[in-house]
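**Student:** from the sequence below, what's the structure:
(chains A and B)
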There are 2 protein chains.
Amino acid sequence: MDATDQQLMDGVRRADRRALAKAITLLESTRADHRMRADALLNALLPHTGQALRLGISGVPGVGKSTFIEALGLYLIAQGHRVAVLAVDPSSSLSGGSILGDKTRMEQLSASPSAYIRPSPSSGTLGGVAEKTREAMLVFEAAGYDVVIVETVGVGQSETAVAGMTDLFVLMQLPNAGDDLQAIKRGVMELADLVVINKADIDLDAATRAEAMIASSLRLLGHAGHGDGAPSRVLKLSALKAQGVDTFWQKVQDLIARRRTTGEFAQRRQHQGQAWMWDLIHAALLGDFRRHPDVRRALPEVLKSVNDSRVAPSAAARQLLQLFTRA
Amino acid sequence: MDATDQQLMDGVRRADRRALAKAITLLESTRADHRMRADALLNALLPHTGQALRLGISGVPGVGKSTFIEALGLYLIAQGHRVAVLAVDPSSSLSGGSILGDKTRMEQLSASPSAYIRPSPSSGTLGGVAEKTREAMLVFEAAGYDVVIVETVGVGQSETAVAGMTDLFVLMQLPNAGDDLQAIKRGVMELADLVVINKADIDLDAATRAEAMIASSLRLLGHAGHGDGAPSRVLKLSALKAQGVDTFWQKVQDLIARRRTTGEFAQRRQHQGQAWMWDLIHAALLGDFRRHPDVRRALPEVLKSVNDSRVAPSAAARQLLQLFTRA
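**Tutor:** Reported below is the predicted structural model:
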């Protein structure tokens, strides 16, 4: 690292806002020299990372994610925490950002010097967005943010990506019957360490019914990683009225303490680190393959011949692989 | 193709049993020259494939898969069909075959000249087993078998693999409450085009209750690819007493006819062909990567440094990729 990057690193460690913004811009750059500097910076920051609690929060549009994150963030800051809010929104490059596009949605939180709200990177693909968010998470941890919240909207595989980079994945639900079946169907309920039923202030009865229903679904699903005697993983609250946020946080801490004791916490992080590495390797190998001039040239005709059943898919694969490795 | 392979192909086309066995042995060989001959054979057979109905059948051990396949196979043969039964059992190389290990399980069917029962290839990995089975399917189609049944046991991702190579995926269930939730949880219910509740002769009431429950789950899950007005996708039967097999076959034909009209049938096959090709390409690229001497040498230490948070996973990935591409 040269003097400029050393300065950048010192700035990040001091949680200087300009340095944080610069570091993240560097990480998100596609220039090869930037990428090399970003790697060096990340490795230098690495010994100072890993101390934060990483919290994933997901839910359909309208469930009240940003209201909840604002309420939770303000509660945590009042307790002396420092909170970074990141987002994974693969659609942001198309839609201009469906979540966290503007900070006005978390007005009070974004005004706090103890909070940093970073919109979703807009690299287009989920893999790209997820990688940048994972790296940004490390930067904020090195800057001393001790709670990192990663928000995502229930689109495609983004929940899987966020669950794969956080210690605890929280699914937010509306107090409507049937909502839970949708989540089960999409496999998101399976990912959830905690289920939060929001808007309990509007219809407490409905929220209570939803709580019981989801609790019973979770029991039947026999959620992996939660043995007998594990505390309930469902709770209802009102993000708008900031009611139940303290109970939520207590539950989070209980779960984390439990997992630290069993070793599950460290295991999950190691597993996530390795999975991240292999994801990047897969993406790079496939990218090289797809960009290879001979493969690119041959691909349309090969795909057509597979579609028309003129060439067996296995033979087509070997044909393309030969073009790739011959060069 | 030389004269020997031309002879082999002619034998396959005549459905000569020795030629079929030889062709499949050739496909399953790991020798490079065999692989080249197998590719040539497959491509030569390809124009004669695709006419069969490809039926996937899955269910937990004890649900009665082989009893059902025997009953269905005998019914189909009586109707003038020719039936090939293949299996995808990734555990077979370890366990010595948990399904279709011996043909005695389908005694009558295996004795019929109109049926061919082929145990699961034992190549060890699911990817390898699935690929060999896909190729064997083409061989049997070229030999004029017009119903190809691919059986699998509910282990890991094998159901996804079988659903990905068949026109219709059938999930067999026992008439027990809770069984369906397990299937929903594992995402198998989502894959099922038809759900068969077996052993309806033992407790008809339980089977009827299970039928209603699964039908309602399927409605709530809003199964993709099945619009309003689609016929019910659940039925109960007794494989042991061969009761309900005709209704099952009628349902299969109705569904297939419907999908041929909408174009979904052809689309699914094209999609499967392309997915198969990409699966093989992914596996080959990753295999090359893992076998690269520099990568192999460096990998243990790199993984350790990721686990100990000394190197960021993204930097570790780039480090390994550099070793790979430098050579």
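**Student:** show me which residues of the stretch 1-150 of chain A are close to chain B?
**Tutor:** Proximity of the stretch 1-150 of chain A to chain B (Cβ under 8 Å from any Cβ of the partner chain) is limited to residues A:Arg35, A:Asp39, A:Leu42, A:Asn43, A:Leu46, A:Pro47, A:Thr49, A:Gly50, A:Glu131, A:Arg134, A:Glu135, A:Leu138. Every C-beta, even on glycine, is put in place using the N, C-alpha and C of the backbone.
**Student:** pLDDT weak spots in the stretch 201-327 of chain A?
**Tutor:** Residue ranges of the stretch 201-327 of chain A with pLDDT under 70: A:220-231, A:327.
**Student:** tell me where it has strands.
**Tutor:** Counting by DSSP state E, counting those that start in this stretch, the stretch 201-327 of chain A has strands at residues A:234-236.
**Student:** return the residues of it in contact with chain B.
**Tutor:** Close to chain B, as judged by Cβ under 8 Å from any Cβ, the stretch 201-327 of chain A has residues A:220-222, A:270, A:273-274, A:276-278, A:280-282, A:284-286, A:288-289, A:302-303, A:306-307, A:309-318, A:320-321, A:325.
**Student:** so, low pLDDT: which residues of the stretch 1-150 of chain A?
**Tutor:** For the stretch 1-150 of chain A, the stretches flagged by pLDDT under 70 are A:91-104, A:123-124.
**Student:** can we see that at 80?
**Tutor:** Across the stretch 1-150 of chain A, residues meeting the criterion (pLDDT under 80) sit at A:89-105, A:121-128.
**Student:** can you map out the strands along it?
**Tutor:** Under DSSP E, counting those that start in this stretch, the stretch 1-150 of chain A gives strands at A:53-59, A:83-88, A:115-117, A:147-153.
**Student:** need the residues that contact stretch A:305-324.
**Tutor:** With Cβ atoms under 8 Å, 6 or more residues apart in numbering or on different chains as the test, stretch A:305-324 has contacts from A:289, A:292, A:294-295, A:298-299, A:302-303, B:35, B:39, B:42-43, B:46-47, B:49-50, B:131, B:134-135, B:138, B:270, B:273-274, B:276-278, B:280-281, B:284-285.
**Student:** show me how to select, in PyMOL, the buried members of these.
**Tutor:** Command for PyMOL, covering only those of the contacts of stretch A:305-324 found buried under the criterion 16 or more other Cβ atoms under 10 Å in any protein chain shown:
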select buried, (chain A and resi 289+292+295+298+299+302+303) or (chain B and resi 39+42+43+46+49+131+134+135+138+273+274+276+277+280+281+284+285)
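**Student:** identify, from the residues of the stretch 1-150 of chain A next to chain B, the entry nearest to A:Ser238.
**Tutor:** Nearest to A:Ser238, judged by Cβ to Cβ, of the residues of the stretch 1-150 of chain A next to chain B is A:Arg134 at 31.6 Å.
**Student:** looking at it, that closest one is touching A:Met277, isn't it?
**Tutor:** No: counting by Cβ atoms under 8 Å, A:Met277 is not a contact partner of A:Arg134; they are 10.8 Å apart.
**Student:** export only the CA atoms of stretch A:158-170, formatted as PDB.
**Tutor:** Written as PDB, here are the backbone C-alpha positions of stretch A:158-170 (Å, rounded to 0.1, in the frame of the first residue of the first chain):
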ATOM      1  CA  SER A 158     -31.300 -11.900  -2.800                       C
ATOM      2  CA  GLU A 159     -32.500 -13.300   0.600                       C
ATOM      3  CA  THR A 160     -30.200 -16.300   0.200                       C
ATOM      4  CA  ALA A 161     -27.300 -14.000  -0.500                       C
ATOM      5  CA  VAL A 162     -28.000 -11.800   2.500                       C
ATOM      6  CA  ALA A 163     -28.600 -14.800   4.800                       C
ATOM      7  CA  GLY A 164     -25.200 -16.000   3.500                       C
ATOM      8  CA  MET A 165     -23.400 -12.900   4.700                       C
ATOM      9  CA  THR A 166     -25.000 -12.300   8.000                       C
ATOM     10  CA  ASP A 167     -25.000 -13.900  11.500                       C
ATOM     11  CA  LEU A 168     -28.800 -13.600  11.900                       C
ATOM     12  CA  PHE A 169     -31.400 -13.400   9.200                       C
ATOM     13  CA  VAL A 170     -34.600 -11.700  10.100                       C
END
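**Student:** show me how far that stretch is from its chain's centre.
**Tutor:** Using Cα atoms, centre = their mean, to the nearest Å, the mean C-alpha position of stretch A:158-170 is found 5 Å from that of the whole chain.
**Student:** cool, and stretch A:110-129?
**Tutor:** How far stretch A:110-129 lies from its chain's middle: 10 Å, per Cα atoms, centre = their mean.
**Student:** and A:Asp201, how many neighbours?
**Tutor:** A:Asp201 has 15 neighbours, counted by other Cβ atoms under 10 Å in any protein chain shown.
**Student:** same check, this time on A:Ser29
**Tutor:** 13.
**Student:** then A:Phe248?
**Tutor:** By other Cβ under 10 Å, 20 other residues sit near A:Phe248.
**Student:** swap in A:Ala275?
**Tutor:** A count of nearby residues for A:Ala275, using other Cβ under 10 Å, gives 13.
**Student:** name the nearest residue to it, sequence neighbours excluded.
**Tutor:** Excluding its sequence neighbours, the residue lying closest to A:Ala275 (Cβ to Cβ, 6 or more residues apart in numbering or on different chains) is A:Gly164, at 6.2 Å.
**Student:** report all helices and strands that the longest helix seen in chain A contacts.
**Tutor:** If you go by DSSP state H, chain A has its longest helix at helix A:264-291. Judged by 3 or more Cβ pairs under 8 Å, 6 or more residues apart in numbering or on different chains; DSSP states H and E, the packing partners of helix A:264-291 are helix A:126-142, helix A:245-262, helix A:293-307, helix B:264-291, helix B:293-307, helix B:313-326.
**Student:** now do it against helix B:313-326, angle only.
**Tutor:** Helix A:264-291 runs at 40 degrees relative to helix B:313-326, counting by axes from the mean of the first three to the mean of the last three Cα atoms, to 10 degrees.
**Student:** could you check the angle helix A:293-307 makes with helix A:264-291?
**Tutor:** Computed by the same axes, to 10 degrees, the angle between helix A:264-291 and helix A:293-307 is 90 degrees.
**Student:** what about helix A:264-291, distance to the chain center?
**Tutor:** The chain centre lies 15 Å from the centre of helix A:264-291; the measure is Cα atoms, centre = their mean.
**Student:** so A:Arg82 versus A:Pro113, what's the distance?
**Tutor:** A:Arg82 sits 9 Å away from A:Pro113, going by Cβ to Cβ, to the nearest Å.
**Student:** one step back: with mean neighbour count added, can I get the strands of the stretch 1-150 of chain A in JSON lines?
**Tutor:** Formatted as JSON lines, the strands of the stretch 1-150 of chain A follow (neighbours: other Cβ atoms under 10 Å in any protein chain shown):
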{"stretch": "strand A:53-59", "mean neighbour count": "24"}
{"stretch": "strand A:83-88", "mean neighbour count": "27"}
{"stretch": "strand A:115-117", "mean neighbour count": "24"}
{"stretch": "strand A:147-153", "mean neighbour count": "26"}
